[in-house]
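Engineer: Turn this into a model:
(one chain, ligands or ions: 1)
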Amino acid sequence: MSRSPNKLNVHALKWQDGQLSILDQRKLPEQVQYNHYVTAPEVAEAITDMQVRGAPAIGIAAAYAVALSVRQHYVTDKAAWKSLLAADMALLAASRPTAVNLFWALNKMQTQLDSIAGNPIAALQALAEQIHQQDITANQTMGTIGADILADAQGLLTHCNAGALATGGYGTALGVIRSAYASQTRQVFAGETRPWLQGARLTVWELSEDAIPATLIADSAAAILMQQGKIDWVIVGADRIAANGDVANKIGTYALAVLAKYHGVKLMVVAPTSTIDFAMAAGSQIAIEQRAESEFLPDCYAQAGSLVSAWNPVFDVTPAELIDVIVTERGAIFEPAKSGVAHLSD
Ligand code: MRU
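Structural biologist: Here you go, the predicted structure:
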């Protein structure tokens, strides 16, 4: 049975009249609240604080933040606007370290800026909007490519949130699941994704907004689910893909990849080429973000002299040899360990 294409109900970012509105993902699913920003430092803080998260969405937010910075400083300080903008861009670059889309978007904005002699406001705003729109288009293309590869597969497990909330819209891994579900019913499982609970708070909410039924599992239930033969594919996004095909993604992705290999389950990574770091030879070079202990350490241990601490790396690197296919908007690479992904560079 063919279903009508899903309506895009979820928007992480909205740009209107020189203002960036960010859906505060810390408050989901209880509250749908947009915060409105007109300066780049505010957006940098929103990225660090995870109001907006997910590699492509972080890049798009940073592009809009550069447009905001130019708008603010070019008008108010003709003499110093370039150095004020450079300071804002440095703040944005320091907001989170692992998602390469952030640096990709900042570079694109900088290159455009360098090519303009006169007033750059309109051109930079237009480029940010284009980066946003192109991400949505790439996601829809990847959705079609990925869904074709899945064919009639029934049991799909995703991790973290790689959906509309993490992108310009539609999603990467969730885009594939959306497209696959549009053609036939699938059994969709979402890992809760400790410690920040992107799966439990965001993915199942986003799917239900799109009328796609989903089953939430504790991360530690993935092994028994695979052992019982209920999963055909694990489908995840990526924060940075090295040239050799190694993939940095949300902590726990590597564990799922190892489990999948053992159980004969396939692993699909879905990411636009803006997530590929063509200059990085191998995943071992990727900077892994460490976040605060307070994200999961009980307060009673966060005292001076406490013998209990927490270790909170929020990404891990899955070696290319554990990945069956990487889906990009420029096509799918099967067995990426054999070829790497460098040939996708334009
Ligand atoms: O810490 P987060 O929530 O920003 O991590 C997000 C992920 O790891 C996603 O899987 C990745 O960015 C791909 S999003 C399309």
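Engineer: Distance check, residue 345 against residue 273.
Structural biologist: To residue 273, residue 345 is 8 Å away according to CB to CB, to the nearest Å. C-betas here are computed from N, CA, C, even on glycine.
Engineer: The two: which is more packed in?
Structural biologist: Ranked by neighbour count (other CB atoms under 10 Å), residue 345 and residue 273 place residue 273 first, with 17 against 11.
Engineer: quick one: that one and residue 329 touch, right?
Structural biologist: Yes: if you go by CB atoms under 8 Å, residue 273 and residue 329 touch, sitting 6.5 Å apart.
Engineer: Can you pull the residues that touch both of those two?
Structural biologist: residue 138 (CB atoms under 8 Å, 6 or more residues apart in numbering).
Engineer: Next up, phi/psi of the nearest residue to residue 23 once chain neighbours are set aside, please.
Structural biologist: Distance criterion CB to CB, 6 or more residues apart in numbering; nearest residue to residue 23, sequence neighbours excluded, is residue 12 at 5.1 Å. For residue 12, the backbone dihedrals (degrees, to the nearest 10) come out as phi -80, psi -30.
Engineer: need the contact list for residue 12.
Structural biologist: 22-23, 25, 52, 54, 57, 164-169.
Engineer: try 6 Å
Structural biologist: Residue 12 is in contact with 23, 52, 57, 165, counting by CB atoms under 6 Å, 6 or more residues apart in numbering.
Engineer: residues contacting the last one?
Structural biologist: Same thing as residue 165. Contacts of residue 165 (CB under 6 Å, 6+ apart): 10, 12, 202, 206.
Engineer: where does the stretch 1-150 of the chain have low pLDDT?
Structural biologist: Along the stretch 1-150 of the chain, segments meeting pLDDT under 70 span 1-8.
Engineer: need the residues of it near the ligand, please.
Structural biologist: Counting by CB under 6 Å from any ligand atom, the residues of the stretch 1-150 of the chain close to the ligand are 53-56, 99.
Engineer: now the residues you listed as TSV including neighbour count and distance to residue 246?
Structural biologist: Listed next are those as TSV, based on neighbours: other CB atoms under 10 Å; distance: CB to CB, whole Å:
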residue	neighbour count	distance to residue 246
53	26	22
54	29	20
55	29	15
56	33	19
99	28	15
